[in-house]
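[1] All I have is the shape, not the residue letters:
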């Protein structure tokens with residue numbers, strides 16, 4: 001009996017030593033349901049490290065973030081009417097321009113914008129027309145009037161001269177040149193331009209009215225043009241661009 005107990009003890013000691021030195025084995029034996037037993041490592045865990053957090057569903061997180069941003073964004077305002085959408089003439093000119101840029105199409109768009117009082121856009125289109133056709137006298141003249149109406153008659157002087165150069169038979173171009181000279185205080189040059197306009201268009205009341213005004217300023221007789229004695233009210237000169 002003593003020998004049997006000794007043999008059993010030897011087997012237990014031998015098994016314990018073998019378990020202690022076996023690779024990957026644990027020295028502690030856990031009973032099923034032992035609360036101290038750690039959970040087996042998951043497929044993405046590093047054995048021996050702290051248990052990892054559950055994986056994040058990235059598409060779902062992105063969707064929720066997008067919904068949060070959309071909820072924080074103010075609702076879209078209703079469409080505001082625009083000049084380009086309300087003005088039929090301008091809309092037609094811009095639609096025609098989409099067919100391809102040409103000097104006449106840009107000039108038509110410039111005319112529509114100028115008629116609507118949007119001078120910066122008109123200036124852009126007249127400049128584009130001139131770039132495509134440097135001899136476009138109408139666009140040179142229109143751009144000169146814009147400079148004058150902006151209060152920069154000095155910048156419009158060269159444009160007005162080019163308009164007269166490319167359209168020497170145009171009373172309108174001569175009149176524009178005269179108004180710019182007048183604004184710049186160059187009365188005699190203005191008189192010559194207005195007289196040329198009258199010669200080119202004797203029936204144009206605006207040309208005759210302007211020449212009478214500048215002659216009155218110069219205290220010269222305007223009888224040959226049928227000028228009344230009070231052709232120029234005090235403090236007034238030619239009405240730029242409105243007398244055509």
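    Structure's in. What do you need? On a predicted model such as this, the values are computed, not experimentally measured, just so you know.

[2] Quick one: neighbours of residue 162, just the number.
    Using other CB atoms under 10 Å, residue 162 has 22 other residues around it. C-beta: built from backbone N, CA, C; applies to glycine.

[3] Surely it touches residue 138?
    No. Counting by CB atoms under 8 Å, residue 162 sits too far from residue 138 to count as a contact (11.3 Å).

[4] So what's the model's average confidence on the helix or strand where residue 145 lies?
    Assigned by DSSP states H and E, residue 145 falls within helix 137-149. In this model, helix 137-149 has a mean pLDDT of 97.

[5] What is it packed up against?
    Packing partners of helix 137-149 (3 or more CB pairs under 8 Å, 6 or more residues apart in numbering; DSSP states H and E): helix 103-115, helix 119-132, helix 153-166, helix 171-183.

[6] before we move on, which element is the closest residue to residue 195 other than its chain neighbours in?
    Spatially, and ignoring its direct neighbours in sequence, residue 195 is nearest to residue 211 (5.6 Å; CB to CB, 6 or more residues apart in numbering). Using DSSP H and E, residue 211 maps to helix 205-217.

[7] For stretch 92-99, buried residues please.
    Residues of stretch 92-99 classed as buried: 93-94, 97 (neighbour count, 16 or more other CB atoms under 10 Å).

[8] same deal with stretch 114-133?
    For stretch 114-133, using 16+ other CB under 10 Å, the buried residues are 114, 116, 118-119, 121-123, 125-126, 128-130, 132-133.

[9] Name the nearest of these relative to residue 201.
    For the buried residues of stretch 114-133, the minimum distance to residue 201 (CB to CB) is 21.4 Å, reached by residue 114.

[10] Please name the residues that touch the nearest residue to the closest one once chain neighbours are set aside.
    Nearest residue to residue 114, sequence neighbours excluded (CB to CB, 6+ apart): residue 122, at 3.9 Å. Shown in contact with residue 122 (CB atoms under 8 Å, 6 or more residues apart in numbering): 110-111, 113-114, 142, 146.

[11] If we use 7 Å, what do you get?
    Contacts for residue 122 (CB atoms under 7 Å, 6 or more residues apart in numbering) come out as 110, 113-114, 146.

[12] out of the residues you listed, what pair is the most spread apart?
    Farthest pair in these, by CB to CB: 113 and 146, 10.0 Å.

[13] dump the residue contacts of the closest residue to residue 119 other than its chain neighbours.
    In this structure, residue 119 finds its nearest non-sequential neighbour in residue 146, 5.1 Å apart by CB to CB, 6+ apart. Residue 146 is in contact with 119, 122-123, counting by CB under 7 Å, 6+ apart.

[14] Since that was my last question, I'll sign off now.
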